[in-house]
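1. Quick one, what's the 3D model for this:
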Amino acid sequence: MACRQSHQLNEAVDYYQAALQIRRKARNRYGEAWLLNLLGTVYFDGHKVNDAYVHLKQSVDLCRDLGYAELISDPTTNLCAISRQLGRLDEAIGLGRRALAAYRGAGDRYGEADALGVLCEAHLELGQLDLAASLAEESLAITHELDNRLLEGWVLIRRGKIQHACGEIDQALVSYHRSATIHRRVGDRSREAEVLDATGTAYQALGREEEAVAFHRQSVAIHRDLGDRWNTAVALNHLATGLREAGAIEQTRSSWQEALPLLAEFNDPKSIALRISIEAALSELHSASTSFD
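-> Numbering: from 1, shown residues only. Next comes the predicted model:
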């Protein structure tokens, strides 16, 4: 999706909401289901996770109840991704498997690769690394078959995170480099920034704090320029961690202090957990500086 700037998000929501009302007044249930999916993905882009879940579930339920087999796979895949964000991993895996089966039944190779990529993320969060890696490789093979560079770049981010979790940091950096190159060439700055942040985290794992900080700074700058408050906060948190390891305590404090208000508008479990973690880290910094004084 490409609506991560706040003004674009609001404009897209207003547009699709108006279109949805028109479809409902006309009793166009197919159009209603289609627009509910679009609204859900726009909310997902803005990390409005709860709103995304509501709209995507309505789309899936409507498609199922009315027998729209040709339409149900996309909202099911998107609902899988949202369920993972909400920590509902069993639900996410069930949805992902249903979407995967539907795409395979329809011979939709792009959809199959997409569903495999979303599924691998859920298995990664469950710590099922071998299965996650297998799904990522299967998805990546389809992107090569389709010669779809943008989808390849997306899957490479996922493969890099799995490699990182397996302790294969050098291989993760190769995947991240390939992904960043693809997204830079196609002009997807948001995905490029996501890869740069992941690259910084990999360098932190290698103890190369200076390089880590440089990549995190690039990520923060792009997300900030795009007006993407959620991902700016995430990248700032990673930057602060790298700066702390490098001994730059005041810059660490500044980064975390900038991140906190950016998270205020988000009330999903991951946002709440990140906010609590940053508050605790700032408190620890304050206690350490007070003890030193």
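2. tell me what the longest helix along the chain is packed against?
-> When the chain is parsed with DSSP state H, its longest helix is helix 269-292. In terms of contacts (3 or more CB pairs under 8 Å, 6 or more residues apart in numbering; DSSP states H and E), helix 269-292 is packed against helix 229-245, helix 249-262. C-beta: built from backbone N, CA, C; applies to glycine.
3. Let me have those in JSON lines, extended by distance to Ala92, mean neighbour count and mean pLDDT.
-> Formatted as JSON lines, these follow (distance: least, CB to CB, whole Å; neighbours: other CB atoms under 10 Å; pLDDT from 0 to 100):
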{"stretch": "helix 229-245", "distance to Ala92": "19", "mean neighbour count": "23", "mean pLDDT": "97"}
{"stretch": "helix 249-262", "distance to Ala92": "26", "mean neighbour count": "18", "mean pLDDT": "97"}
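4. can you pull the contacts of the closest residue to Ser271 other than its chain neighbours?
-> Excluding the flanking residues, the one nearest Ser271 by CB to CB, 6 or more residues apart in numbering is Leu263, at 5.4 Å. Contacts for Leu263 (CB atoms under 8 Å, 6 or more residues apart in numbering) come out as 229-230, 233, 271, 274-275, 278.
5. From those residues, pick the one nearest Glu112.
-> Using CB to CB, Trp230 comes nearest to Glu112 of these, at 28.5 Å.
6. Please verify my assumption that the closest one contacts Ser271.
-> Yes - counting by CB atoms under 8 Å, Trp230 touches Ser271, with 7.2 Å between them.
7. So for those two, which residues contact both of them?
-> Applying CB under 8 Å, 6+ apart, one finds that Trp230 and Ser271 are jointly contacted by 47, 263.
8. can you tell me which residues contact Ile222?
-> Per CB under 8 Å, 6+ apart, neighbours of Ile222: 189-190, 192-193, 196.
9. quick one: the strand or helix carrying it to chain centroid distance?
-> Per DSSP states H and E, Ile222 falls inside helix 209-226. Between the centre of helix 209-226 and the centre of its chain there are 17 Å (CA atoms, centre = their mean, to the nearest Å).
10. could you give the mean pLDDT of that helix?
-> Mean per-residue pLDDT for helix 209-226: 97.
11. follow-up on the earlier one: contacts for the longest helix of the chain, please.
-> Contact with helix 269-292 is made by 47, 49, 85-87, 230, 233-234, 237, 240, 249, 252-253, 256-257, 259-260, 263-264, 266, as judged by CB under 8 Å, 6+ apart.
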